[in-house]
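S.K.: Turn this into a structure:
(2 chains)
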Amino acid sequence: MKQNSLNGWFKSGAPGVWISGGAVSIAVIMTIGLLAVIAVRGLGHFWPADLIHASYDVPGQANHLVIGEVVQKEQVPRERLKSAGLPVPDQGPEFMTRELIKVGNRDLNGTDFTWIVGEWLTNQTTPPELMAIERREWGNFYGYLVNVKENGKVIAEGEAAWPELQARVARVNELAAQLKSLEKVDIGAINAGLERIRLQGRKLELSGKLDAAAQADMDADRAELNARYQDIEARLAELHAQFNRDSLTARDANGKEVVIDIGKVVHAFQPNAMGTFTKIGFYFSKVWEFLSDDPREANTEGGIFPAIFGTVMMTLIMAMIVTPFGVLAAVYLREYAKQNTLTRIIRIAVNNLAGVPAIVYGVFGLGFFVYVLGGSVDRLFFPEALPAPTFGTPGLLWASLTLALLAVPVVIVATEEGLARIPRTVREGSLALGATKAETLWKIVLPMASPAMMTGMILAVARAAGEVAPLMLVGVVKLAPSLPLDGNYPYLHLDQKIMHLGFHIYDVGFQSPNVEAARPLVYATAFLLVLVIATLNLSAVYIRNHLREKYKALDS
Amino acid sequence: MNDLANAPMTTNPPKRIDFNTPELQRKRRIRALKDRFTRWYVLIGGLAVLAAITLIFFFLAYVVAPLFKGADLQAQDAITPAWMQDAGKPLMISLEEQNQVAMRVSDKGQALFFDIDSGAELKRVDLPVPAGASVTAIGKDQPGQPLVAVGFSNGQALVFRHTYKVSYPDGKKTISPAIEYPYGEAPIALNEAGVTLEHVSLNATDSTLMLVGSSGSQLNVLSLTSEENMMTGEVTSEQKRIDLPQMTEPVKNIFVDPRQQWLYVINGRAQADVFSLRDKSLNGRYKLLENGDDQITASAQLVGGISLILGDSRGGLAQWFMARDADGESRLKQIRTFQMGDTPIVEITAEERRKGFVALDASGKLGVFHSTAHRTLLVDQVVDGQGLFGLSPRANRIIVEQGGKLQPLLLENPHPEVSWSALWSKVWYENYDEPKYVWQSTAANTDFEPKMSLAPLTFGTLKAAFYAMLLAAPLAVAAAIYTAYFMAPSLRRKVKPVIELMEAMPTVILGFFAGLFLAPYVEGHLPGIFSLLMLLPIGILLAGFIFSRLPESIRLKVPDGWESAILIPVILFIGWLSLYMSPYMENWFFGGDMRMWISHDLGITYDQRNALVVGLAMGFAVIPNIYSIAEDAVFSVPRGLTLGSLALGATPWQTMTRVVILTASPGIFSALMIGMGRAVGETMIVLMATGNTPVMEMNLFEGLRTLAANVAVEMPESEVGGSHYRVLFLSALVLLLFTFVMNTLAELIRQRLRKKYSSL
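M.R.: Next up, the predicted model:
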């Protein structure tokens, strides 16, 4: 009976339905699971986790104390630990815990992270006075505050030291902002000015017009800039002295005292002493810092602002190029071209170009835009800078153009679809009233198709924002010295190399010397990128659905 | 403007409107003009955009094309310089780097430097020929080394170096040639008995000079070691004579291996004796030509000194080098042959920077060849009759001396190292024991032989795509069928945006996730991953069966087409169970570590970033592409067909398999093709999730390198316009063509299908 009914169930074909249903569930679980893992790991990074202070007793070795933050815990077969050469007892449980602890103090320990066996960690405490210091170099420091010094003299000790430290860290951060502004903005402007004078001189020399008067003019300009530079340098020296005035003494896990310049400190906080609300506040300030700061320490710490800025800049320029041209091609294909075999072939070709691997566009961009076009532009318009290339090297403009080429089929296809959806009657009505074809196009067809163009543009932007492979060839670098938009003439530097969120993920995750430390930042960056692209795509979907509703009404 | 609008509304009969006022006519003309202008604007703009897109294809082809062009030889006017009168017989001609100065060494013991373009004499140096002796032999060091040895009739030899200093007096580039004697001006007694040296050869490393000469069938090998005392800076040199087994036949040519391991002696008619310089013994005697009547007439070493090129009396050329045979013994082997003409080869000169060589035969024909690519780039008549030539270091200038005349030639040969066979078939590279597919485009040293076989990269590309499709194809097609046919519409509206989101996921994120999270995770949970793959279908079926056994009251609460939603917790549970059980299974079956078990007990290489990880990550990337097209195809199967089938009593599943899938199969096929195209061209995922090692193994646990990833890795470092650069363009072109053909086919199939549906 039972056997029979199982057979019957198989014969009814229900297993096929269940299996195919399972496939949908698997796809959905995979997508949501991936997003969840990235979100949890990316967002979790900013939370100020409790610090532990414990004694680590490896059998057969002298015990030592550790301070740190438990990053990861996993169950590992005892056998595997044994084969890794750890002094694991022969008898015992089948599994042991392995914990990854961030112990910081890279300048003292050599590494930030250490794997330990959880079973050997004893006397674990979380003392509230335990302090974490985020430094401008060498990563985090974990330990106890001993005292705060000014010019080498102890100012505050014990209880009083902590508030004193906070005040002085705030002062240093203020100074750091001033220093940065001086170094980046003022000195940057002077350097740009000097370079401009040099190029001007070279240009005159090339055209044979460099006479004594022009030379004198340039020398005067140069002297003035140099004088301003001297001025700024003096102020810089003063600020640096101020900056390095204070220091603190801290004690690490094993009681060793270390002196740290407060100028090196970004934040000092006591996570164990924080309440939940303080932690939430701290969390959001960290998130903001991540979004608005420059990267530090070979991109493994600090923020990703230049990468966000570069991505936005590049996508904006791309959208400005791709929308008009894509629409133009679509209008031609749908409204003006004769609908014959040739048009059909062109349409198929355009469709297929959307499926051509992105790296091919990158290769084309490098070969054609950078070397052929850029090389010619340099020879024609910037001969004074040669042999240093201006546009004949990968840069923002070429990256945008390459992506525009890559995304133009998306815009064409979406716009064409929009144009095709406009009922013939509307067009014929307009023509019947005596409007010319151009007028029908401008006043009737294009406005009606504008949501479709919008969809196309958003999809193109989403595709371009997530694409990395071609950018590696045409203008994205791991660390750009300055933003492509600044206060120096010509303000928008199309020839400059940029940073990019996607490339940042690749570079920090795979090329960085300290992958372990950088990993949470990569997750956070990835989460940001997914968020941006998901938003763009969902809005495109929304607009498209909205559009369909609208035309349904028109059709009936 | 007519005044109708402003006219008062009266009951008077309406006035006739005049449409032909000059004002209106002008307006109409402007409107027509605007219309025409727009038409042209759209036409030109639209076509320009379309042309820009197609430009990609042509530009790639344009960059690739020079790879397959042969060499080009351009003869300049022959010159007869005045100094030729008393210059004696030439022994060697050599050109310097800048192609301005050439050196000619004659049998009178004179080195004469002359201007390449005009032939004018620049400098004449008389070599210190011992009194009463004459020059009888000359030997050059490896290609690219400026050392030359001359042998004299009294058994002595002299080593000199020709150097060229570039200076800019008065802003003009001047090259001043010079002859130096790094081993002293006094000749070295090579044949102690004072018998005439017929052939000399040399090889110099930093510390040791190996000088070899022959008189008849007698060999003299001398090793000069100079050592610098660390304390005093004093240089002491030591002469050592190496005694080798005696030969029987007269010697034709001698070559020293640059690692000073082998000594090659060409002797007799067509025979080579190879001596090991390390243990001073004969490695073997090799027959070089099949036909006993033929003989070796010219020979040379390729740059790097590993290969010998031997030319014979019938115009044939062959490359030989030492390779290990099956027993692990080094043997001189013939690697490949070339044919130039039918007259004897008289001289062979190797290029200094590439594995190419130039040969001249007795009839005055010049041939340009490349060994690795096995290419004959050019054979051209340059002089009438036998001559002697020199090749410039950049291999772009040749001077042939024949009958008292100098014939300068310009050679353009930018990409000899690439050929169809070198790209796609097995090639026997130097230092390899057998022909292999290898991709290794660059190395630190200059005499490196680029190995540019696209085969391992293409293999890697297809391997990655195969494993990705193995996961994606069944999942995506099954999911598409279910969503389009069985799923409740309300659920469908929720599922589709999720899949669209999956499609929009940037590949850099999938790649980073695969490389940093999945790869170590899979490595630590291998049994879990495999049991998951096996348990999932069983678990789903079991859940379905249990559900069908449930009392009706519960079953009817779940509407039709919600199976997927029921299965989500089931799948999550199975997933959790398999991964939770993973370490236990590892302990029970694999001694605690499955990875070790795979590499030790099964003997399979295991890389952390392997094809399994790529398959999972790229499968994920490809699923939505296949899904959306297949779903579209299934969904648009005309309702009438399915309803008819159901009305005839078929179950939904029968209708699905016998009617719907059959009708939609072209659409599903085209979906798979598009998915395949995507998987082939994907860059970031493979770049990040594999170790990027160009190996040709189908092993699931080994890494790979794809064409796309290879371009991404190597493109930024390749020299613009070089062969490597163009080969990378070629791989981009291959990718473009492959995906373009796949997508076009898929698109055509879909269009036909749509037509079929509309007729149904």
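
S.K.: Tell me the spacing between the residue in the stretch 251-400 of chain B that chain A sits nearest to and B:Asp35.
M.R.: Nearest to chain A in the stretch 251-400 of chain B, going by C-beta to the nearest C-beta, is B:Arg394, at a distance of 20.7 Å. No exception for glycine: its C-beta is placed from N, CA and C like everyone else's. The gap separating B:Arg394 from B:Asp35 is 61 Å, by C-beta to C-beta, to the nearest Å.

S.K.: What confidence value was assigned to residue 321?
M.R.: Unless you meant another one, I'm taking chain A. Model confidence at A:Ile321, given as pLDDT, is 91.

S.K.: Chain B was what I was after
M.R.: Per-residue pLDDT puts B:Phe321 at 91.

S.K.: Next, the contact list for B:Lys433, please.
M.R.: Lys isn't right for residue B:433; it's Asp. B:Asp433 makes contact with B:323-325 under the criterion C-beta atoms under 8 Å, 6 or more residues apart in numbering or on different chains.

S.K.: meant to ask about B:Phe389
M.R.: B:93, B:347, B:349, B:358, B:360, B:366, B:398-401.

S.K.: What are the structural domain limits within chain B?
M.R.: According to the TED database, chain B comprises the domains B:127-228+B:235-287, B:452-547+B:572-758.

S.K.: To A:Arg171, which of these lies closest?
M.R.: Nearest to A:Arg171 among the domains of chain B is domain B:452-547+B:572-758; the distance by C-beta to C-beta comes to 38.7 Å.

S.K.: Mean confidence (pLDDT) on that closest one, please.
M.R.: What domain B:452-547+B:572-758 shows for mean pLDDT is 89.

S.K.: repeat for stretch B:190-198
M.R.: On average, the pLDDT along stretch B:190-198 is 84.

S.K.: picking up where we left off before, any of the contacts of B:Asp433 buried? List them.
M.R.: Buried by 16 or more other C-beta atoms under 10 Å in any protein chain shown: B:Ala323, out of the contacts of B:Asp433.

S.K.: Strands - which of the contacts of B:Asp433 land there?
M.R.: In this view, those that belong to strands under DSSP state E are B:323-324.

S.K.: Go through the contacts of B:Asp433 and name the one nearest B:His415.
M.R.: Using C-beta to C-beta, B:Ala323 comes nearest to B:His415 of these, at 26.7 Å.

S.K.: got JSON lines for the contacts of B:Asp433, with distance to B:Arg39 too?
M.R.: Shown next, in JSON lines, are the contacts of B:Asp433 (distance: C-beta to C-beta, whole Å):
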{"residue": "B:Ala323", "distance to B:Arg39": "70"}
{"residue": "B:Arg324", "distance to B:Arg39": "73"}
{"residue": "B:Asp325", "distance to B:Arg39": "75"}
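
S.K.: which among the contacts of B:Asp433 are in contact with chain A?
M.R.: For chain A, no contacts are drawn from the contacts of B:Asp433 by C-beta under 8 Å from any C-beta of the partner chain.

S.K.: Contacts for stretch B:335-349 next, please.
M.R.: For stretch B:335-349, using C-beta under 8 Å, 6+ apart, the contacting residues are B:143, B:297-300, B:307, B:309, B:311-321, B:357-363, B:365, B:367, B:369, B:371, B:374, B:376, B:379, B:386-391, B:428.

S.K.: which parts of that stretch are buried?
M.R.: Result for stretch B:335-349 [16+ other C-beta under 10 Å]: buried residues B:335-336, B:338, B:340-341, B:343-349.

S.K.: Going by residue numbers, what spans are strands in chain A?
M.R.: Assigned strands in chain A, in chain order: A:52-56, A:64-77, A:95-102, A:113-117, A:121-125, A:130-135, A:140-150, A:153-157, A:246-251, A:257-261, A:265-269, A:295-296, A:301-302 (criterion: DSSP E).

S.K.: Residue 405: what's it in contact with?
M.R.: Defaulting to chain A. Per C-beta under 8 Å, 6+ apart, neighbours of A:Leu405: A:361, A:364-365, B:52-53, B:56.

S.K.: Actually, chain B is the one I wanted.
M.R.: Contacts of B:Lys405 by C-beta under 8 Å, 6+ apart are B:78-80, B:84, B:383.

S.K.: Out of those, the closest to A:Leu204 would be?
M.R.: Distance to A:Leu204 across those (C-beta to C-beta) is lowest for B:Ile79, with 44.5 Å.

S.K.: wait, isn't B:Ser421 in contact with B:Ala373?
M.R.: Yes. Counting by C-beta atoms under 8 Å, B:Ser421 does reach B:Ala373; the two are 7.3 Å apart.

S.K.: any idea how far the residue in the stretch 1-150 of chain A that chain B sits nearest to lies from B:Thr507?
M.R.: Chain B sits closest to A:Gly13 of the stretch 1-150 of chain A, with a gap of 2.4 Å, by C-beta to the nearest C-beta. Applying C-beta to C-beta, the value for A:Gly13 to B:Thr507 is 37 Å.

S.K.: This completes my enquiry, with thanks.
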